[in-house]
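Colleague: Next comes the sequence, and after it the predicted model I'd like to discuss.
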Amino acid sequence: MNTLILIDPSAELAARLAHQGWSGYQLGGESGKGWQALASLDEAAWLPAPRLWLVASDRQLPVGEADLLLTSRPSVQASPCVGLSWQASPFAVEHGFLLMAGGPAELIHRAEAILDALAPSPGAWLHAGGISAPTFMTQVMSECGGGLAGLAPLFLANPASGLDPFWQGQYQLSARLAQLASDYLVASADEHYQPVHALPPVFALTPPNSQANDSPARKLAALLLWLYQHQPGN
């Protein structure tokens, strides 16, 4: 049985796991029911192995060879790990998080139990691609949410200009998404993706310039880049 260690988790994340019957140790944040507070990483390093680290910050950790690391900041970790991204809601403690995981299939399989506990129901999470895939897809969602909200005031900003400011804002948003997509496609060029379970039907589609066996993250990136390249004026 893995020793579970939470590092800098949100209160909702810790409470969700406790609600699902998990318990262990916690460093950072407020320790709630089911979690024993740790004073330092040195104290965590002496806990029995193998350890399961769930990390929501960029701390460098004393991860052992038999340990498994799940982190929302995979870029700062030298050890093999599973990348995670989650979106909370007022109902996350009872009903779980919108959850994406990224990494090699063998590591994802090792993490399935805790991913099932964090998700709304067992298997209701997305194996998005490589380790950085959840971060990329979160960036896309953030751009779309903030970018589209920012376009709305342009309708009222200057009525005399018509829709020109709106179309310019839309074009700029598309350009930012295309840059994110291009960067991800380059960074994930050597990705070897094997999904750990059946994907949602939308990811069974194969956008232009992608392969049928590409990960959801690479398919999304290919689609965003193609849409930008085929806009009028490009």
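Modeller: Cool, the structure landed.
Colleague: tell me the SS of the residue nearest the centre of the chain?
Modeller: With distances taken as CA atoms, centre = their mean, S85 lies nearest the centre of the chain, 2.4 Å away. Secondary structure for S85, judged by DSSP: H, G, I helix; E, B strand; the rest coil, is strand.
Colleague: how close does it sit to L68?
Modeller: Distance of S85 to L68, given as CB to CB, to the nearest Å: 17 Å. Glycine gets a C-beta too; all of them are placed from N, C-alpha and C.
Colleague: How far off centre is stretch 48-64?
Modeller: 18 Å (CA atoms, centre = their mean, to the nearest Å).
Colleague: mean confidence for it?
Modeller: Across stretch 48-64, pLDDT averages out at 91.
Colleague: Repeat that for stretch 32-40.
Modeller: On average, stretch 32-40 scores 90.
Colleague: tally of neighbours for the residue lying closest to P122 once chain neighbours are set aside?
Modeller: For P122, the nearest residue in space outside its immediate sequence neighbours is D116; the separation is 4.1 Å by CB to CB, 6 or more residues apart in numbering. Taking other CB atoms under 10 Å as the criterion, the count of residues near D116 is 17.
Colleague: Residue numbering should commence at 17 henceforth.
Modeller: Right, with 17 as the first residue, what we last looked at is D132.
Colleague: helix or strand right after the lowest-mean-pLDDT helix or strand in the chain?
Modeller: Across the helices and strands of the chain, mean confidence by mean pLDDT, DSSP states H and E is lowest for helix 170-173: a mean of 53. Going down the chain from helix 170-173, the next helix or strand is helix 180-203, by DSSP states H and E.
Colleague: Surely W69 forms part of a strand?
Modeller: Yes. Assessed with three-state DSSP, W69 lies in a strand.
Colleague: so the nearest residue to it once chain neighbours are set aside is in which element?
Modeller: Among residues not flanking W69 along the chain, L85 sits closest, at 4.7 Å (CB to CB, 6+ apart). According to DSSP H and E, L85 maps onto strand 84-87.
Colleague: Give the other helices and strands that that strand contacts.
Modeller: With contacts defined as 3 or more CB pairs under 8 Å, 6 or more residues apart in numbering; DSSP states H and E, strand 84-87 has these neighbours: strand 67-71, strand 98-103, helix 121-134.
Colleague: Outside of that strand itself, list whatever touches it.
Modeller: Taking contacts as CB atoms under 8 Å, 6 or more residues apart in numbering, the residues outside strand 84-87 that touch it are 18, 66-72, 77, 79, 93, 95-100, 117, 123, 126-127, 130.
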